[in-house]
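>>> only the shape, not the letters, is given here:
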């Protein structure tokens, strides 16, 4: 980081340092960005209060910034009232997402760039909870960010069950709507077992849109994002998966 700053003009270095000074600053919020806009004409640059925080690494569809590691990684931005804008990389007009939100200091957020390019949207800003689960449990969070599913299906029910089990009467997340992200906490951990995530139309278990299994790491937190196929013509039956805590 500091080698990079030496190569920048002083004003640019100060701006970059203010955006990425790390999680220890009590005056900053922490954000990460997921690009779920399926029909954008290229990767996206993201500005916060007019400052491009993505630098030379625009956010490709289906990816997260900063790049994911074994646990969630964040960029520091000023707390308070922040305007977030996403543009096709290399442009600064016609934002695909634009919105102003209040970000609290020392708080971690996932900003989901969402919707279709033809109908610019407000990004979804979700508060993260990366506190380690209790002993021998794990957590999932499911974020609904599929324009196709929203248009054609509406709310969905999410079931998170041990692999091989039948669907229970009650879903883990009933009636999830576009732009929402909800945690399912305190799922029991058993060595060698996996969990299956099933997404159906709300109140209709005959209309299944996702049926995917995931490893169940002890003490893990995993974010799953419902998205479209690239281009947006159909729904992707395999959600994006990001490790928030291993």
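Here it is on my side, so go on. For clarity, every value in this text was computed on a predicted model and none was experimentally measured.
>>> for this structure, name the helix or strand with the lowest mean pLDDT.
helix 2-6 (a mean of 30; mean pLDDT, DSSP states H and E).
>>> adjacent strands (with direction) for the strand ranked longest in the chain?
The longest strand of the chain (DSSP state E) is strand 204-215. Paired strands of strand 204-215, with direction, are strand 194-201 (antiparallel) (DSSP bridges).
>>> can you give me the buried ones in the longest strand of the chain?
209, 210, 214 (16 or more other Cβ atoms under 10 Å). C-beta here means a position set from N, CA and C on the backbone, and glycine is covered the same way.
>>> what residues does it touch?
Here strand 204-215 makes contact (Cβ atoms under 8 Å, 6 or more residues apart in numbering) with 140, 149, 153, 156-157, 163, 167, 194-201, 222, 224, 226, 235, 237-239, 241.
>>> among these, the buried ones, what's the ChimeraX command?
The command below creates a ChimeraX selection of those among the contacts of strand 204-215 that count as buried (16+ other Cβ under 10 Å):
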select :140,149,153,156,157,195,196,197,198,199,200,201,222,224,226,235,239
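>>> just to revisit the earlier point, kindly indicate which of the buried residues of strand 204-215 lies nearest residue 185.
Taking Cβ to Cβ as the measure, residue 185 lies nearest residue 214 of these, at 15.6 Å.
>>> who does that closest one bridge with?
Bridge pairing for residue 214 - DSSP bridges - gives residue 195.
>>> neighbours of the residue nearest to residue 40 when sequence neighbours are not counted, just the number please.
If the residues on either side of it in the chain are set aside, residue 40 comes closest to residue 117, at 4.8 Å by Cβ to Cβ, 6 or more residues apart in numbering. Residues contacting residue 117 under the criterion other Cβ atoms under 10 Å number 18.
>>> per-residue pLDDT, residue 117?
Residue 117 is assigned 97 on the pLDDT scale.
>>> my read: it touches residue 36, true?
No: taking contacts as Cβ atoms under 8 Å, residue 117 lies outside contact range of residue 36: 11.6 Å.
>>> and the gap between the closest residue in space to residue 174 that isn't next to it in sequence and residue 131?
Closest residue to residue 174 apart from its sequence neighbours, by Cβ to Cβ, 6+ apart: residue 157 at 5.3 Å. Distance, residue 157 to residue 131, by Cβ to Cβ, to the nearest Å: 26 Å.
>>> same deal with residue 76?
For residue 76 relative to residue 131 (Cβ to Cβ), the value is 20 Å.
>>> torsion angles phi and psi at residue 151?
Main-chain torsions, residue 151, degrees, to the nearest 10: phi -70, psi -40.
>>> any idea how far it is from residue 92?
Residue 151 is 29 Å from residue 92, by Cβ to Cβ.
>>> residue 135 too?
49 Å.
>>> so for those two, which residue has more residues nearby?
Neighbour count, other Cβ under 10 Å: between residue 135 and residue 92, residue 92 has more, with 12 against 8.
>>> residues contacting the more buried one?
residue 47.
>>> and residue 182, that's in a strand?
Yes: assessed with DSSP: H, G, I helix; E, B strand; the rest coil, residue 182 lies in a strand.
>>> how's the chain carved up into domains?
2-127, 137-245 (automatic domain parsing).
>>> hey, least reliable of these by pLDDT?
Among the domains of the chain, domain 2-127 scores lowest, at a mean of 85.
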